[in-house]
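>>> Need coordinates for the below:
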Amino acid sequence: MKKILVPTDFSEAATNAFVHALEFAKVVKAELILLHTFEIPVYDSQFFPENYASIYSSIELAKFEMFKDEIPKLRAIAAERNLDNIVIKHRLMDGDLVYNLKNAVEEDEIDFVIMGTTGVSDWTKFFTGSNTNSVISEVKVPVLCVPIDAKFKKIKTIGFTTRYREKDKVELRKVLKIAKKTDAKVKSLYVRSSSTDVSDMTIKEWQTEFANENVEFLVLPSDEVKETILDFVLFKDIDILTTITHKRSFFESIFDSSFSQKITKEVSIPVLIMHEN
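Numbering: from 1, shown residues only. All right, here's what the predicted structure looks like:
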């Protein structure tokens, strides 16, 4: 059975992502593992020589009680959606979120991570800040980032951005498997700028190789890459946008704060981050 890791702080954004995770788990026949992390403040033991250990114990107990109180609320959401048959497990860990997330992915052999974002500040942290290196570069599983306003709806069209590299085919096949389970169509986008060098022959080869799959290949000439991707999402009714982190500098240039705001606020669709092998 596949495993989906869902980091949560029990906020509105995290709970919204939990709903997406439930529905995705139903489709791919997966179990959910909820990860809640907390950081214990650093105290100087010389000032607390007698109750040093008890301070940590009390904080851990308080976090455990809060965690225990929140879980039934999430299970109630699952029951309301007739998804209470989904297996839900839990992880309560002390320490940095990114560090613990990476360890949980490895130890539990996670297949997907689904996490909520509240807006531009989260996108900036995940995609252009120090956390990016850990979440995007080090966690070698697909990460679905769900904006707080992206309420779950049936997935009909999955957008897939590509540069027609050979390695991109591996990720496209993964997306096509997901699309089959949801009875969705995949629309593949290549933005042909004046500086790109993908030949028409390569594009034809892809079209031939995937001729029997439910995928449409779109090639749009433009030097305005971000605006073209946004138009693609808007006018092609994309429900999830998929991108590959094979070239981080390109990824960062696309998902800057202004573009992120348009995706999270104007479009409000989940973004699936795939990793090349």
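>>> Run through the helices of the stretch 51-200 of the chain in chain order.
With DSSP state H, counting those that start in this stretch as the criterion, the stretch 51-200 of the chain has helices at 52-80, 97-107, 120-128, 130-132, 168-182, 200-209.
>>> Next, count neighbours for residue 211.
Residue 211 has 8 neighbours, counted by other C-beta atoms under 10 Å. Backbone N, C-alpha and C define where each C-beta goes, glycine included.
>>> next one: phi and psi at it?
Backbone torsions for residue 211, taken as degrees, to the nearest 10, come to phi -60, psi -30.
>>> now do residue 27
Torsion angles, degrees, to the nearest 10, at residue 27: phi -70, psi -50.
>>> For residue 76, which residues are in contact?
Applying C-beta atoms under 8 Å, 6 or more residues apart in numbering to residue 76 gives no contacts.
>>> 10 Å instead, please
By C-beta atoms under 10 Å, 6 or more residues apart in numbering, the contact list for residue 76 reads residue 84.
>>> same thing with residue 177?
By C-beta under 10 Å, 6+ apart, the contact set of residue 177 is residue 28.
>>> Residue 219 too?
164, 188-192, 198, 200, 203.
>>> Tell me if it really is in a strand.
Yes: assessed by DSSP: H, G, I helix; E, B strand; the rest coil, residue 219 belongs to a strand.
>>> can you offset everything so residue one is 20?
All right, first residue 20 from here; so that's residue 238.
>>> What's the separation between it and residue 262?
Distance, residue 238 to residue 262, by C-beta to C-beta, to the nearest Å: 17 Å.
>>> about what we covered before: tabulate the contacts of residue 238 (a markdown table), appending pLDDT and neighbour count.
Below are the contacts of residue 238 laid out as a markdown table (pLDDT from 0 to 100; neighbours: other C-beta atoms under 10 Å):
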| residue | pLDDT | neighbour count |
| --- | --- | --- |
| 183 | 94 | 19 |
| 207 | 97 | 23 |
| 208 | 96 | 23 |
| 209 | 95 | 22 |
| 210 | 93 | 22 |
| 211 | 92 | 19 |
| 217 | 91 | 15 |
| 219 | 92 | 9 |
| 222 | 96 | 17 |
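>>> Format the residues you listed as JSON lines; extra columns: distance to residue 163.
JSON lines is the format used below for the contacts of residue 238 (distance: C-beta to C-beta, whole Å):
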{"residue": "183", "distance to residue 163": "24"}
{"residue": "207", "distance to residue 163": "18"}
{"residue": "208", "distance to residue 163": "18"}
{"residue": "209", "distance to residue 163": "22"}
{"residue": "210", "distance to residue 163": "23"}
{"residue": "211", "distance to residue 163": "28"}
{"residue": "217", "distance to residue 163": "27"}
{"residue": "219", "distance to residue 163": "33"}
{"residue": "222", "distance to residue 163": "28"}
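>>> Please flag which of the residues you listed sit within strands.
In this view, these that belong to strands under DSSP state E are 207-211.
>>> Give me the neighbour count for residue 108.
12.
>>> Surely it is in contact with residue 127?
Yes: the pair residue 108 and residue 127 passes the contact test of C-beta atoms under 10 Å, sitting 8.4 Å apart.
>>> any common contacting residues for these two?
Common neighbours of residue 108 and residue 127, using C-beta under 10 Å, 6+ apart, are 22, 24, 50, 52, 54.
>>> For PyMOL, what selects the buried ones among the residues you listed?
Only the buried members of the shared contacts of residue 108 and residue 127 end up in this PyMOL selection, burial being decided by 16 or more other C-beta atoms under 10 Å:
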select buried, resi 22+24+52+54
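>>> May I see the shared contacts of residue 108 and residue 127 organised as CSV, with distance to residue 103 added?
Formatted as CSV, the shared contacts of residue 108 and residue 127 follow (distance: C-beta to C-beta, whole Å):
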residue, distance to residue 103
22, 18
24, 20
50, 13
52, 17
54, 20
